[in-house]
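Novice: starting from these lines, generate the structure:
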Amino acid sequence: MDPEIAGGIAGGAVSFLLVKLDAFATREWNLQENINKALKDLGIELRGIEALMKDAASRKDPDHQFNNWIQEVRDQAYAIEDVLDLFRLDQETAWRRFISRHPINNSIKDIEGSLKRIHQTRKRYPPMTLTRTSSGYNTDLHVRVAPLFKGNLDSVGIREPTDKLVSWALEEKQRLEVMFVVGMAGSGKTTLVHSVYESERVKKRFDFHIWITASKSKTTLDILTLLVEKCGCPITQRDVVALTHELQKALLLKQRYVIVLDDLWVKEVWDSLTLAFPDHGKNSRIIITTRRGDIANSFRVGDSIDIHKIQPLSREWAAHLFHQKAFSKNGTCPPDLEEVSKSILQICDGLPLGIIEIGIFLSVKSPTKNQWKTLHDSLESELRSTGELSNITKVLSTSYRDLPYHLKDCFLYMSIFPENNPVKRRRLVRLWIAEGFVTEETGKTVEEVGEEYLEELIDRNLIKANELDFDGLPESVGVHSLMMKMILSIAHENFCTVCTGEAPRNLTQNTRRLSIQKQDFEVSQPIPHVRSFFSFGIATIRIDSDFKLLKVLDIQGTPLEEFPSAITKFLPLLRYLSLRKTNIKSIPSSLSNLRQLETLDLKQTLVTKVPKAVLQLEKLRHLLVYRHNMEGIPPFDIVQGFMAAKGISALKSLQTLSFVKASVKSRLRRQLRMIQGLENLTQLRNLGVVELAKEDGASLCHSIGKTPKLRSLSVASLRKDVPLELDAMTNNPPALVQRLYLKGPLQKFPSWISSLHDLMRIRLKWSSLAESPIPALQNLRHLVELQLLDAYTGTQLEFKSGKFPQLKILDLQQLEQLKLYCNGRRLIALPTKADHRPMQQVGGRP
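Specialist: Here you go, the predicted model:
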C-alpha cells in the first residue's frame with residue numbers, strides 16, 4: 001500500500017485512541033495508581049507519535065521503512081484499544097467471567113509493553129525526519145495536466161456546459177465575476193475550463209489571459225508570484241502584501257482580464273487572493289476548478305460568485321469516448337465485446353478519467369472477450385499502486401490523502417457496504433457514532449456533528465448523494481464505482497475485511513471489521529478482535545465469546561426467526577444493533593445486559609412489544625420498532641407500532657422513538673401514564689405515536705410541549721373514525737418541528753401549526769376538514785411539501801400569488817369534490833405531486 005495512505009489509516013486509529021484515553025481519564029472509576037499513570041504516559045507518547053505522523057504527511061514520499069513503522073503504530077493502536085475495552089469489561093462486574101484469563105495486572109503489562117514497543121520503533125527509524133518537498137501533493141499532476149501540453153484534450157460530451165460557461169463569461173454585467181467549477185477527481189474540470197479559456201469568443205472579448213495551476217503544494221505567495229510574473233511585472237519584493245499591491249496595479253491597467261486557477265485545494269489561499277483582484281467594472285472573469293465543493297460553498301455570497309457542478313458523461317457520450325480510446329482505428333466496438341464493454345462503462349459511471357485510462361489500456365490488448373473480461377474481473381488489483389491502471393488511483397487517492405484524520409475512517413467505512421447499494425444517511429451517521437469516529441462538540445449532538453462530517457465528504461466529492469429529500473438533505477449516499485475500488489484496495493489493510501467470494505486472505509484473528517456479502521458464507525475461524533460485523537441478508541451467523549469486543553452488529557435482512565440469545569450473552573460492549581427486516585417476534589429481558597447500546601433498530605420485524613428491561617439501557621438514543629403494513633391501498637394503519645414498557649421516561653438520552661402505541665385496549669390507563677411520561681424525554685428529536693385515543697390527545701399535547709428539541713412529529717389516531725384532539729398544543733407548540741404528519745379526523749385545523757415557522761413538510765391524511773387549511777399554511781416561508789390525502793371535504797382550495805414561497809411538492813389525493821383556484825381563477829387540471837417546481841408554476845392554464 002502507498003505509505004501515505006497507510007499513514008492515514010494509522011493516524012486515524014491513533015487520533016481515535018487519544019479521544020478514548022481522554023474519555024477514560026474522565027470516568028469516575030477508582031483506578032489503581034499504576035494503571036492511571038500508565039494511561040497518562042501512554043497518552044503523552046501517542047500524542048507525540050500523532051504529531052510525528054502529521055509532520056511526516058507534509059514531507060517527501062515515505063519509504064518502505066516508514067511504511068513498516070506506520071503498520072506497527074497502527075497494530076499497537078489497535079492492541080491498546082483492545083486493552084482499554086477489556087479494562088472497561090472488568091469494571092462491569094457482570095462480565096468479569098469473560099476476562100478471568102486476562103486479569104487487570106496483565107492489562108497493565110500489555111499497556112506498558114505497547115508503550116515500550118512504540119518508543120523502540122520510533123527510535124529505530126530516524127530517517128523519518130526528512131526535508132520538506134511538494135512531491136507528495138503532486139502525485140496526480142502529470143495525469144491531470146499532460147493533455148494540456150500534448151494538445152489532445154478529450155472534449156467529448158462537453159459542448160453544452162462549455163457553451164453555458166462561455167455565455168456566462170461574455171455576459172455584460174459591468175463587474176468582476178467568479179465561477180467555481182466543482183467536481184470529483186477525474187470528472188473533466190480542467191478539460192471543460194480549458195475549452196472555455198481557449199474559445200475564440202473568449203479570446204476576442206478579453207484583453208488579458210492567465211492560466212495558473214494552483215495545486216495543493218502552492219502557497220499564496222507562490223501563486224501571487226506566478227500571477228505577477230504573468231503580468232510582465234518585475235519581482236522586487238517577495239512577500240504577500242507587496243505582491244498583492246503589485247498585482248492590483250497591474251490588473252487595473254488591463255481592460256478586461258480572465259484568470260483561471262486550476263486545481264485549488266486550500267480555502268485560505270483563495271481567501272488571500274481575493275484581495276489581489278480588483279473589480280474595475282470592466283466585466284473581468286475568474287474561473288476556479290476544485291474538487292473541494294466546501295471551499296466553493298463558503299465563498300458563495302451575493303450573486304457575483306457562482307458554482308458550476310460537473311455532471312457525469314451521459315451513457316451515449318461515455319460509450320463514444322470509450323470506443324474512441326479502446327478502438328482507436330475506427331472507434332467501433334465489435335458485437336462480441338458489447339456486453340463486457342457496457343459492464344466496464346457501468347463501473348466508470350460517466351467519469352472521463354476512468355473511461356480514458358481503461359480505454360487506452362485495452363487498446364493495446366488483444367480485442368477478445370476473454371482478455372476484456374479478465375481486466376473487468378481484476379480491476380481492483382489493476383488500480384493498486386503497482387497495477388496498470390495506477391494513474392486512476394493516483395488521481396482519486398489525492399482527495400483521500402487531503403482529508404483530515406477524523407474523516408478518513410468515515411470515508412473508508414463505505415467499503416463495508418455492497419457496491420451500488422445506497423446507504424441511508426441516518427444509518428451511516430449512527431454507525432460512525434457507534435464506531436467512535438464522531439467527536440463531541442459543545443452545543444451540538446454527536447448526530448449533528450456526524451451530519452456535518454457527511455456534508456463535508458459530499459462537498460469534497462468523495463461521497464455522493466443518491467437521493468435528495470424534500471429539504472435538500474440526502475436520503476441515501478454512495479460512492480462512485482471506481483472510488484469504491486480504490487477504497488477497497490485501502491480498506492483491506494486491516495480496516496475492513498469484505499467477503500464477496502471465497503474466504504479472503506486478510507480474514508485473520510486481527511480482523512477489526514467484517515462485511516459478509518456472499519451467500520452461504522460461514523465464519524468458522526475465531527476473530528477475537530472484531531469490532532463490527534455486517535451481514536447483508538445472506539450469512540450464517542455464529543456468535544460466541546470471541547465477539548466480546550463487538551460494538552456494531554448489523555445483520556438486517558438475515559433470515560432470523562428468533563432473537564439470537566448470544567447477542568445479550570456475549571456482546572456487552574454493543575453500541576449498535578440492527579435486526580431490521582428479520583422475522584423475529586420478541587425481545588428477551590436479557591436485553592438489559594447491553595448497557596452500552598445506543599441504537600436499537602427493529603424496523604420491519606414482527607416485534608410489537610419491548611420488555612421492561614429496555615429501561616435499563618440508559619445510553620439508548622434511537623429506538624425504532626415498527627413495520628409497514630402494505631395490505632390495502634392506502635391502509636389507515638400502514639404503520640404498526642409497539643407497546644412501550646411502563647416507565648419509558650427513564651430513557652433520558654432518547655432522541656428517536658418510533659412508533660409507540662398510545663392505546664392498547666384493556667391497558668389504556670397504563671398507556672396514558674406512558675404518554676404523560678414522554679414529557680421527561682427532553683432530548684427527543686423524532687417522535688412517532690400511533691393508536692392515539694381521543695381522550696389522550698390533551699396529555700400528548702402537554703408532553704410534546706415539554707420536548708423543546710423536537711424536529712419530527714407523527715401522530716395517528718386510534719382508528720380512521722376517531723378524532724385527533726390536538727388543540728391543547730396551542731399553549732406550547734414544538735417550535736422547531738420541521739416535519740409534521742397527522743393521520744386521523746380533525747374537527748378543525750390546529751391553529752398552533754401556523755406558528756411552526758421552521759416547518760418544511762406537512763402531511764395531513766384522513767383529516768376530513770370542513771374548512772380549507774390553505775390560509776393557515778400559506779405564510780409558512782420554509783414549507784417545501786404539502787400533502788392532503790382525504791384531508792378536506794370542501795369544494796375549493798385557493799392559492800394566491802406570493803404565498804407558499806418555497807413550496808415544491810403539492811400532493812393532493814382523494815379530494816373528490818375539489819375545485820382548484822389560483823388567484824381567483826379555476827384550474828382545469830388538478831396538479832398532483834408537482835415535484836421540484838415553484839408553486840407559481842403548479843397546474844395548467846386557467
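Novice: distance check, residue 545 against residue 755.
Specialist: Computed as C-beta to C-beta, to the nearest Å, the residue 545 to residue 755 distance reads 55 Å. Glycine gets a C-beta too; all of them are placed from N, C-alpha and C.
Novice: that should have said residue 339, apologies.
Specialist: Computed with C-beta to C-beta, the distance linking residue 339 and residue 755 is 60 Å.
Novice: now the strands for the stretch 351-500 of the chain?
Specialist: 423-424, 464-468, 474-478, 497-499 (DSSP state E, counting those that start in this stretch).
Novice: quickly compare those and say which is most buried.
Specialist: Neighbour counts averaged per stretch over those are highest for strand 497-499, at a mean of 22; criterion: mean count of other C-beta atoms under 10 Å.
Novice: what pairs with that strand, parallel or antiparallel?
Specialist: Paired strands of strand 497-499, with direction, are strand 513-516 (parallel) (DSSP bridges).
Novice: tell me how far the partner strand lies from the chain's centre.
Specialist: Relative to its chain's centre, strand 513-516 lies at 20 Å (C-alpha atoms, centre = their mean, to the nearest Å).
Novice: any buried residues in that strand, and which?
Specialist: Residues of strand 513-516 classed as buried: 513-516 (neighbour count, 16 or more other C-beta atoms under 10 Å).
Novice: quick one: closest of the strands of the stretch 351-500 of the chain to residue 210.
Specialist: If you check each of the strands of the stretch 351-500 of the chain against residue 210 by C-beta to C-beta, strand 464-468 wins as the nearest, at 32.5 Å.
Novice: which secondary structure elements does the closest one contact?
Specialist: Counting by 3 or more C-beta pairs under 8 Å, 6 or more residues apart in numbering; DSSP states H and E, the packing neighbours recorded for strand 464-468 are strand 474-478.
Novice: how big is the angle separating the strand it packs on from strand 464-468?
Specialist: For strand 474-478 and strand 464-468, the angle between their directions (axes from the mean of the first three to the mean of the last three C-alpha atoms, to 10 degrees) works out to 150 degrees.
Novice: and strand 474-478, which strands flank it?
Specialist: The pairing partners recorded for strand 474-478 under DSSP bridges are strand 423-424 (antiparallel), strand 464-468 (antiparallel).
Novice: which residues touch that strand?
Specialist: Contacts made with strand 474-478 from outside it, assessed by C-beta atoms under 8 Å, 6 or more residues apart in numbering, are listed as 414, 417, 420-425, 428, 454, 458, 463-469.
Novice: again, only this time at 10 Å
Specialist: Contacts with strand 474-478, where a contact means C-beta atoms under 10 Å, 6 or more residues apart in numbering, come from 414, 417, 419-428, 454-455, 457-458, 463-469, 484.
Novice: out of those, which are buried?
Specialist: Here, 16+ other C-beta under 10 Å leaves 414, 417, 419, 422-423, 425-428, 454-455, 457-458, 463-465, 469, 484 buried among the contacts of strand 474-478.
Novice: of those, which belong to helices?
Specialist: Taking DSSP state H, the ones among those that sit in helices are 425-428, 454-455, 457-458, 484.
Novice: how about these, which pair is most distant?
Specialist: For those, with distances taken as C-beta to C-beta, the pair at the greatest spread is 426 and 484 (21.2 Å).
Novice: Throw the strands paired with strand 474-478 into TSV and include distance to residue 475 and mean pLDDT, thanks.
Specialist: Putting the strands paired with strand 474-478 into TSV (distance: least, C-beta to C-beta, whole Å; pLDDT from 0 to 100) gives the following:
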stretch	distance to residue 475	mean pLDDT
strand 423-424	7	95
strand 464-468	4	88
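Novice: of all these, which one comes closest to residue 718?
Specialist: With C-beta to C-beta as the measure, strand 423-424 is the member of the strands paired with strand 474-478 nearest residue 718 (30.3 Å).
Novice: that closest one: how far from the chain's middle?
Specialist: Relative to its chain's centre, strand 423-424 lies at 9 Å (C-alpha atoms, centre = their mean).
Novice: same question, stretch 802-817
Specialist: With C-alpha atoms, centre = their mean, you get 31 Å for stretch 802-817.
Novice: quote the end-to-end distance of that stretch.
Specialist: Here the two ends of stretch 802-817 are set 26 Å apart, with distance taken as C-alpha to C-alpha, to the nearest Å.
Novice: report the helix or strand with the lowest average pLDDT across this structure.
Specialist: Ranking every helix and strand in the chain by mean pLDDT, DSSP states H and E puts helix 141-150 at the bottom, with a mean of 50.
Novice: name the nearest residue to residue 800, sequence neighbours excluded.
Specialist: residue 823 (6.1 Å; C-beta to C-beta, 6 or more residues apart in numbering).
Novice: let me fix that: residue 373
Specialist: Sequence neighbours aside, residue 340 is the residue nearest to residue 373 in space, at 5.5 Å (criterion: C-beta to C-beta, 6+ apart).
Novice: just residue 498 next, same as before
Specialist: residue 515 (4.8 Å).
Novice: that neighbour and residue 624, how far apart?
Specialist: 22 Å.
Novice: check residue 741 too.
Specialist: With the distance defined as C-beta to C-beta, residue 741 ends up 16 Å from residue 624.
Novice: between those two, which one's more packed in?
Specialist: Neighbours of residue 741 and residue 624, each counted by other C-beta atoms under 10 Å, are more numerous for residue 624; the result is 21 against 17.
Novice: let me see the contact set for the more buried one.
Specialist: Each residue near residue 624 by C-beta under 10 Å, 6+ apart is listed here: 426, 578, 580, 599-605, 642, 656-659, 686, 688.
Novice: for it, grab phi and psi.
Specialist: Residue 624 has phi and psi values of phi -120, psi 110 when expressed as degrees, to the nearest 10.
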